[in-house]
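Asks: next comes the sequence, and after it the predicted model I'd like to discuss.
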Amino acid sequence: MDPLVLSTLGWKPCFSLQLTAEESSSLAPARVAAHYGSQIVLWSETGEIALPQSLLAACGDLAVGDWVLLAVDTHRGVRRLERESLVTRKAAGSKAELQLIGANIDTLFIVSSCNHDFNTARLERYLAVAAESHVNPVVVLTKSDLCDVPDQLRQQAGRLMSGLVVETVDARDPAETQTLAHWCRHGQTVALVGSSGVGKSTLAMSLGAGRIATQGIREDDSKGRHTTTARSIHRLQAGGLLIDTPGMRELQLTACEQGIDEVFDEIVAIATECRFHDCAHQDEPGCAVQAAIESGRLDARRLASYQKLQSEQARNAQSLREQRQQSRKQGKFYKSVIQAKRRRRGDRY
Ligand SMILES: Nc1nc2c(ncn2[C@@H]2O[C@H](COP(=O)(O)OP(=O)(O)OP(=O)(O)O)[C@@H](O)[C@H]2O)c(=O)[nH]1
Ligand SMILES: [Zn+2]
C-alpha cells in the first residue's frame with residue numbers, strides 16, 4: 001500500500017488508522033468511483049476495476065466516495081472503512097427511504113446564482129444538510145457578472161451561519177474560480193449542490209472536471225443492450241476530486257435536527273433563556289426568542305425559516321421511522337412463516 005498514490009484518491013491518515021497491521025499488508029484499499037446498482041466501479045493504487053455488487057456484499061450499502069478493503073487476489077470486498085462524512089437524502093417521491101449520496105466529502109460547494117435563484121431559505125436548507133453530514137460548506141454565488149450588487153449578496157449569505165465562507169464568481173471564467181482552488185487541492189474531495197441552472201456544470205468545467213473527466217463505462221442494460229453511463233467522480237485541475245451524481249443534485253432534507261441547530265445556533269442560544277424548556281417561541285410568556293425579535297436582535301425571517309426546516313425534517317424523519325418499522329415487521333413476519341414451515345417439515349433450525 002502506497003499512501004502517496006492513494007492520497008491522489010483522497011486517502012487520509014484517518015483511514016490508515018483504521019487498519020490493523022495485517023490488513024495493511026494483505027488488503028488493498030479502493031474507493032467507490034461509481035455505483036450502478038449491479039456494478040460498482042472502484043479506484044485503487046493499481047487503477048480502475050468494475051466489480052459485481054455481489055463481490056462487495058460484505059461491505060454493506062456503499063456510496064460513491066466510500067473506501068473499502070479488497071482481497072488482493074480475488075478482489076472480494078472485506079469491509080468498508082468508517083466514513084468521515086456521509087450525505088444522505090430521502091428518496092424522491094413518496095417512498096420513504098434513505099439514499100446514500102456521497103461519502104468522505106470534505107467540502108460541499110453550495111451553489112446559488114446572484115440573480116433570481118438567490119434565496120436565503122434555500123441556502124439555509126443546504127447548510128443544514130452539510131452540517132448534519134459533517135461536510136464543510138462553502139457558498140458559491142455564481143453569475144456575479146449579471147448582478148449589480150454581488151458583494152451585498154455575499155454579505156447577506158455570510159450572515160446565515162457563523163464562520164461561513166462565501167465566494168462570488170463568474171462560473172464561466174477559470175481565472176475567477178481560482179478562488180475555490182484551495183478546497184480542490186490534492187487529496188481533497190468536493191461536491192456541488194444547488195438548483196438546476198445555477199451553474200454547477202459550468203463551475204465543474206472551470207475547475208477542470210470537464211477536461212479531464214474519464215470516459216463513461218459500458219454496461220448491459222436489462223434488455224441486453226450496451227449503454228454508457230457517466231462517471232460520478234472527476235479529477236480536478238488543482239489535484240482534488242469532484243463527486244457529481246444525480247442524487248447530489250436533488251438533495252432534500254432528511255433527519256437533520258442537529259444540522260439545523262448548527263445553522264441556527266444564535267436561535268438555539270437565545271432559546272435557552274426562554275421561561276419554558278419546551279417553548280415553541282410563539283406566544284408563550286417569557287419567550288426570549290420573541291423578545292429578541294421585538295428588540296431587533298433577531299430577524300423574524302430567521303425564526304420562520306428555522307421552524308419551517310424543523311417541521312420539514314421532523315416529517316421526513318417520522319416517515320423514515322415508520323418505513324423502518326414496517327420493514328422490520330415484515331421481516332419478522334417472513335421469518336415466522338419460514339420457521340413455521342420448517343417446523344411442519346420437522347427441520348432443525
Ligand atoms: N453569465 C453567466 N452565465 C453563467 C454562469 N454560470 C453558469 N452560467 C450559464 O447558466 C446556464 C446554466 O448553467 P449550468 O452549468 O448548465 O447549470 P447547472 O447548475 O449545471 O444546471 P443543471 O445541470 O440543470 O443542474 C448556462 O448557459 C451557463 O453558461 C455565470 O457565472 N455567469
Ligand atoms: Zn421561546
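Replies: Arrived safely. Ligands and ions are numbered 1, 2, ... in the order given.

Asks: so how many other residues sit close to Glu45?
Replies: 16 (other C-beta atoms under 10 Å). Every C-beta, even on glycine, is put in place using the N, C-alpha and C of the backbone.

Asks: helix, strand or coil for the closest residue to it other than its chain neighbours?
Replies: Of all residues beyond its chain neighbours, the one nearest Glu45 is Val5 (4.9 Å), with distances taken as C-beta to C-beta, 6 or more residues apart in numbering. Taken by DSSP: H, G, I helix; E, B strand; the rest coil, the conformation at Val5 corresponds to helix.

Asks: what about Val5, how many residues nearby?
Replies: Val5, neighbours per other C-beta under 10 Å, totals 12.

Asks: swap in Pro174?
Replies: As a burial measure, Pro174 scores 17 neighbours (other C-beta under 10 Å).

Asks: which ones are touching the closest residue in space to it that isn't next to it in sequence?
Replies: Of all residues not flanking Pro174 in the chain, Ser206 sits nearest, at 4.4 Å (C-beta to C-beta, 6+ apart). Ser206 makes contact with 171-174, 176-177, according to C-beta atoms under 8 Å, 6 or more residues apart in numbering.

Asks: so which of those residues reach ligand 1?
Replies: For ligand 1, the contacts drawn from those by C-beta under 6 Å from any ligand atom are 171-172.

Asks: got the contact list for the residue in the stretch 51-200 of the chain that ligand 1 sits nearest to?
Replies: Residue nearest to ligand 1 within the stretch 51-200 of the chain: Gly199 (2.9 Å; C-beta to the nearest ligand atom). Contact analysis of Gly199 by C-beta under 8 Å, 6+ apart lists 111, 113, 142-143, 171-172.

Asks: try it again with 7 Å
Replies: 111, 113, 142-143, 171 (C-beta atoms under 7 Å, 6 or more residues apart in numbering).

Asks: over to Asp244?
Replies: For Asp244, counting by C-beta under 7 Å, 6+ apart, the contacting residues are 192, 204, 232, 234.

Asks: out of the residues you listed, which sit inside helices?
Replies: With helices taken from DSSP state H, the overlap with these comprises Ala204.

Asks: by pLDDT, give me the weakest of the contacts of Asp244.
Replies: Lowest pLDDT within the contacts of Asp244 is found at Ser232 (82).

Asks: isn't that residue right next to Leu62, touching?
Replies: No - between Ser232 and Leu62 there is no contact under C-beta atoms under 7 Å: 11.8 Å.

Asks: these two: who's more crowded?
Replies: The residue with more neighbours, out of Ser232 and Leu62, is Ser232; 22 against 19, by other C-beta under 10 Å.

Asks: OK, contacts around that one?
Replies: 33-34, 64, 243-245.

Asks: do Arg172 as well
Replies: Contacts for Arg172 (C-beta under 7 Å, 6+ apart) come out as 202, 206.

Asks: contact residues of the stretch 51-200 of the chain facing ligand 1?
Replies: Counting by C-beta under 6 Å from any ligand atom, the stretch 51-200 of the chain sits next to ligand 1 at 142-143, 145-146, 170-172, 194, 196-200.
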